[in-house]
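*Asks:* Let me see the structure of the following:
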Amino acid sequence: MDENIAQIPGRIKEFREILDISAMDMAGDIGIPYATYTRYESGELDIPISVLYKIASRLGTDATVLLTGEDPRMENAAVCRKGKGVRIERYPGYEFSSMAYNFKERTMEPLLVYLDPSKAPAAPVTHSGQEFNYVVEGKVKVTVGKREYILDQGDSVYFDAALPHGQSAVDGPAQFITIIQE
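*Replies:* Just a heads-up that it's a prediction; the model follows:
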């Protein structure tokens, strides 16, 4: 497991305890079952990015703090140089780099996603808001609800993220940009 991902549950628990919020209250405040929340906080379950943002909001912090342990610093513009985003292995075969991690009070999350076709695709996910995917390199199969779309380099798709969705590489490694807005 990626070291940054492994540290997120501990950061969440530490923040929650400092703020004297019970795990039961946290689960209720962000609208998920208590059992699910405790599995996120213990590291048993991967935390979906949308849930991470709800947790960060409830804790009064930026998701970057939970991801990296550092506060974002930029207010007007944040440049992310090639290869310098905060890179996280979300699932085997699915890594992303946060491209705006250093911008304060983001209202969307742009990520550069790397897909490894030698790994099994992750299970479909859902979250609130909308999502945009743009293929930078390779070929990507995007499943949204019961529909599948094969996207080549330069193709894009925009969809309701409340529908079960997922991406997988087709015919070799692929990269795409995803922009998630809650």
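*Asks:* Quick test: name the residue nearest the centre of this protein.
*Replies:* Nearest to the geometric centre of the chain sits residue 49, at 3.4 Å (Cα atoms, centre = their mean).
*Asks:* show me the contacts for it.
*Replies:* Contact analysis of residue 49 by Cβ atoms under 8 Å, 6 or more residues apart in numbering lists 63, 109, 127, 180. Using the backbone N, CA and C atoms, a C-beta is placed for each residue, glycine as well.
*Asks:* same question, residue 7
*Replies:* Shown in contact with residue 7 (Cβ under 8 Å, 6+ apart): residue 69.
*Asks:* Now do the phi/psi pair for it.
*Replies:* For residue 7, the backbone dihedrals (degrees, to the nearest 10) come out as phi -90, psi -20.
*Asks:* tell me the domain boundaries of the protein?
*Replies:* Under the assignment automatic domain parsing, the domains of the chain span 3-68, 86-181.
*Asks:* Surely residue 143 touches residue 166?
*Replies:* Yes. Assessed by Cβ atoms under 8 Å, residue 143 is found in contact with residue 166 at 5.2 Å.
*Asks:* For the helix or strand hosting residue 29, enumerate the helices and strands it packs against.
*Replies:* Residue 29 is part of helix 23-30 when elements are defined by DSSP states H and E. The helices and strands touching helix 23-30, judged by 3 or more Cβ pairs under 8 Å, 6 or more residues apart in numbering; DSSP states H and E, are helix 34-42, helix 49-59.
*Asks:* Apply 10 Å and report the result again.
*Replies:* Contacts defined by 3 or more Cβ pairs under 10 Å, 6 or more residues apart in numbering; DSSP states H and E place helix 23-30 against helix 3-18, helix 34-42, helix 49-59.
*Asks:* Distance from that helix to the middle of the chain?
*Replies:* 20 Å (Cα atoms, centre = their mean, to the nearest Å).
*Asks:* looking at the chain, which helix or strand does the model trust least?
*Replies:* When each helix and strand of the chain is scored by mean pLDDT, DSSP states H and E, strand 86-91 comes last, with a mean of 71.
*Asks:* Not counting its neighbours along the chain, what's nearest residue 50?
*Replies:* Here the nearest residue to residue 50 in space, its sequence neighbours aside, is residue 127; by Cβ to Cβ, 6 or more residues apart in numbering that works out to 3.0 Å.
*Asks:* and the one you found, how far is that from residue 171?
*Replies:* 28 Å (Cβ to Cβ, to the nearest Å).
*Asks:* quick one: which of the two has more around it?
*Replies:* Neighbours per residue (other Cβ atoms under 10 Å) separate residue 127 from residue 171, with residue 127 holding more: 18 against 10.
*Asks:* for the more buried one, what are its contacts?
*Replies:* 48-54, 161-162, 165, 180, 182 (Cβ atoms under 10 Å, 6 or more residues apart in numbering).
*Asks:* can you check residue 70 too?
*Replies:* With Cβ under 10 Å, 6+ apart, residue 70 has these contacts: 62, 64, 86, 101-102.
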